[in-house]
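1. Sequence and computational prediction follow.
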Amino acid sequence: IIHTQLFFGVGLEALAKSKLNQLPIVGTNHTAISEFVKYLPIKSGYFKKASLNYAVWYYNRCDFITAPSQSVFKEMYQFGFNKPHQVISNPIDINIFCPLGNKPEYKKKFKLSNNTVVYAGRLAIEKNIEVLIRAVALAKERISDINLAIAGSGKLETELRQLAKDLAIEREVKFFGTLSQKDLAKLYQASEIFSISSTSETQSLTLMQAISCALPAVVVNARALPEYVNEKNGYVVKAGDEKALADKLVLLLENSELRQELSRGAAEYVKQFSAPNIAKKWEALYEKVIKDYNRRS
């Protein structure tokens, strides 16, 4: 069996090899295509349509398709996608990302307050981090010692630092750059809430890692995020609504019992995404696809 993670480049080679060698091929789509083409220099609805048509053309030539969220398939349906498919989450290393750390020690290490919101990921335009910074500025009116910890790097860092300065919260917004997985896990455990305002996620590994560290999440209602956040592990608010985001951050920071309840829900929910559990899903899928392919042949 061949498994391809891309629909261009080496993905085309994989498709050709599957035909030449008469082997079944599984394709995985991780890309929110229509979101990313918004930020290309070419402002063209035609380019977006052509990109989606091409992706669907590619995946319709695979034997089975997976994606880390239903949102990926929803977009493809509109362009004629018609192959067997299944949502399979990316795996989480629950040995690294777990709620067993020493919170006071980690808070001291990162110099964070007892009211810390954390975000991790690329500092890119589609992540809409400015919404989160503005929400923290609003929340600061009610929680004076709120902190926003940002892990990750990208070309928008200078712009985001300037925004924090303009909002008079440059001391509260702390940039940590790209961290190792172990240090990122410590940063999660030094925080109270994970939040992300991105509109381009087909899952968000950092969201899953934070939930695995028993952090309740506050996310926006966009793409895959509401598929992984529910009433047992956090809140979903309207995308781009910084006031609604601020209100939920304040609610959780001011209510330790609610936060602990959602923390327990997060730790329990994420167990199903451990690497061994996800590996079993892949093994079962590979076996099924091979059997179906041989039967058709």
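-> Now that the structure is in, tell me what you want to look at.
2. Kindly export the strand or helix carrying Ala246 (C-alpha atoms) in PDB.
-> Here Ala246 sits within helix 242-254, counting by DSSP states H and E. What follows is helix 242-254, C-alpha atoms only, in PDB (Å, rounded to 0.1, in the frame of the first residue of the first chain):
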ATOM      1  CA  GLU A 242     -12.600  39.800  20.300                       C
ATOM      2  CA  LYS A 243     -15.100  40.800  23.000                       C
ATOM      3  CA  ALA A 244     -16.700  37.400  23.000                       C
ATOM      4  CA  LEU A 245     -13.300  35.900  23.300                       C
ATOM      5  CA  ALA A 246     -12.300  38.200  26.100                       C
ATOM      6  CA  ASP A 247     -15.500  37.400  28.000                       C
ATOM      7  CA  LYS A 248     -14.800  33.600  27.900                       C
ATOM      8  CA  LEU A 249     -11.200  34.200  29.000                       C
ATOM      9  CA  VAL A 250     -12.400  36.200  32.000                       C
ATOM     10  CA  LEU A 251     -15.100  33.700  32.800                       C
ATOM     11  CA  LEU A 252     -12.500  30.900  33.100                       C
ATOM     12  CA  LEU A 253      -9.800  32.900  34.800                       C
ATOM     13  CA  GLU A 254     -12.300  34.100  37.500                       C
END
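3. From the contact counts, what lies against the helix or strand that that helix is followed by?
-> Helices and strands here follow DSSP H and E; after helix 242-254, the next one along the chain is helix 256-269. Helix 256-269 is packed against helix 205-212, helix 242-254, with contacts defined by 3 or more C-beta pairs under 8 Å, 6 or more residues apart in numbering; DSSP states H and E. In this view, the C-beta of every residue, glycine as well, is placed from N, C-alpha and C.
4. The helix holding Ala246 relative to helix 256-269, how many degrees between them?
-> Orientation check (axes from the mean of the first three to the mean of the last three C-alpha atoms, to 10 degrees): helix 242-254 against helix 256-269 gives 100 degrees.
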